[in-house]
Every structure is written in C-alpha cells, then in structure tokens.
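Chemist: Everything below, folded, please.
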Amino acid sequence: MQVHPLDAEDPTPPFEQLRAQLAGRVADGSLPAGTRLPTVRAVAAGLGLAVNTVAKAYRALESDGVVVTEGRRGTFVASTAGAGTPAAEEAARAYVAAARRAGLTLPEAVRLVERDW
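Modeler: Okay, the predicted model is just below:
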C-alpha cells in the first residue's frame with residue numbers, strides 16, 4: 001500500500017491530510033477490509049513526517065472505527081470501516097434533516113461539512 005504525498009501548501013494539518021486520505025481510500029474500496037497498513041515509522045519516513053504525526057492520524061482512524069490495531073501484528077483496515085456503519089448512516093440522515101429544516105441547499109450543506117471536517 002502506497003501513501004500519497006501530502007500537500008505542503010494546504011492549511012490542513014498533516015495528520016488530518018493523512019487521516020482523510022486513508023479514510024477516503026477505505027471508503028472508496030481501494031483499501032479493502034483486512035488490508036495491513038504500513039507501520040507508523042515507515043509512513044513517517046516515506047512522507048518526511050514526524051512519527052507522532054502519523055501515529056496521531058492512525059489513532060484518529062482507529063477512534064473512527066476505520067482501522068484496528070492488533071498489537072505487534074500491525075494496523076489493519078477494519079472489517080466494518082466507519083463509512084457504512086449504522087451509526088454513521090444515522091448521523092448523516094440527522095444532518096440532512098437538520099440542513100433541510102434550515103433551508104440549506106445540497107452544495108451549502110456539503111460546504112459546511114467540508115469546512116468543519
């Protein structure tokens with residue numbers, strides 16, 4: 001699995017760029033369930049990041065249910081990665097309902113999500 005370079009011009013913190021990249025690849029199926037992620041050290045070295053930056057991204061992915069860490073075995077894409085979980089689907093439905101009640105258009109609602117992501 002290859003991690004793509006981060007955008008140094010992007011104001012988004014590097015750990016969040018990495019988290020979003022990996023979560024997106026899980027969501028679109030390019031990182032299927034069970035895929036072993038590279039070690040934190042390997043990703044840090046490959047991207048020229050601090051180990052703690054990559055570890056923070058991995059912890060966020062684990063907290064979101066996208067990956068699971070199995071001690072010395074490594075970190076793997078979860079079999080039920082966050083995007084399709086019932087809790088995620090319910091949260092999306094609740095946001096859509098609230099956005100519609102507020103009179104937002106779809107592009108406006110998406111823009112708010114992207115801004116706060």
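
Chemist: where along this structure do the strands fall?
Modeler: 67-69, 75-77 (DSSP state E).

Chemist: The first one pairs with which strands?
Modeler: What that stands for is strand 67-69. Note on strand 67-69: by DSSP bridges, its sheet partners are strand 75-77 (antiparallel).

Chemist: so where is this structure shaky, pLDDT-wise?
Modeler: 80-87 (pLDDT under 70).

Chemist: one step back: please work out which of the strands of the chain is packed deepest.
Modeler: strand 67-69 (a mean of 20; mean count of other CB atoms under 10 Å). Just so you know, the C-beta spots here come from the backbone N, C-alpha and C atoms, and that holds for glycine as well.

Chemist: contacts for it?
Modeler: 22, 26, 37, 58, 61, 62, 75, 76, 77, 78, 81 (CB atoms under 8 Å, 6 or more residues apart in numbering).

Chemist: Go ahead and measure how far it is from the middle of the chain.
Modeler: Put simply, strand 67-69 sits 12 Å off its chain's centre (CA atoms, centre = their mean, to the nearest Å).

Chemist: which stretches of this protein form helices?
Modeler: 14-27, 40-47, 51-63, 86-101, 106-116 (DSSP state H).

Chemist: can you list those in JSON lines and add distance to residue 8 and mean neighbour count?
Modeler: Output for the helices of the chain, formatted as JSON lines (distance: least, CB to CB, whole Å; neighbours: other CB atoms under 10 Å):
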{"stretch": "helix 14-27", "distance to residue 8": "9", "mean neighbour count": "19"}
{"stretch": "helix 40-47", "distance to residue 8": "11", "mean neighbour count": "16"}
{"stretch": "helix 51-63", "distance to residue 8": "13", "mean neighbour count": "18"}
{"stretch": "helix 86-101", "distance to residue 8": "31", "mean neighbour count": "11"}
{"stretch": "helix 106-116", "distance to residue 8": "20", "mean neighbour count": "10"}
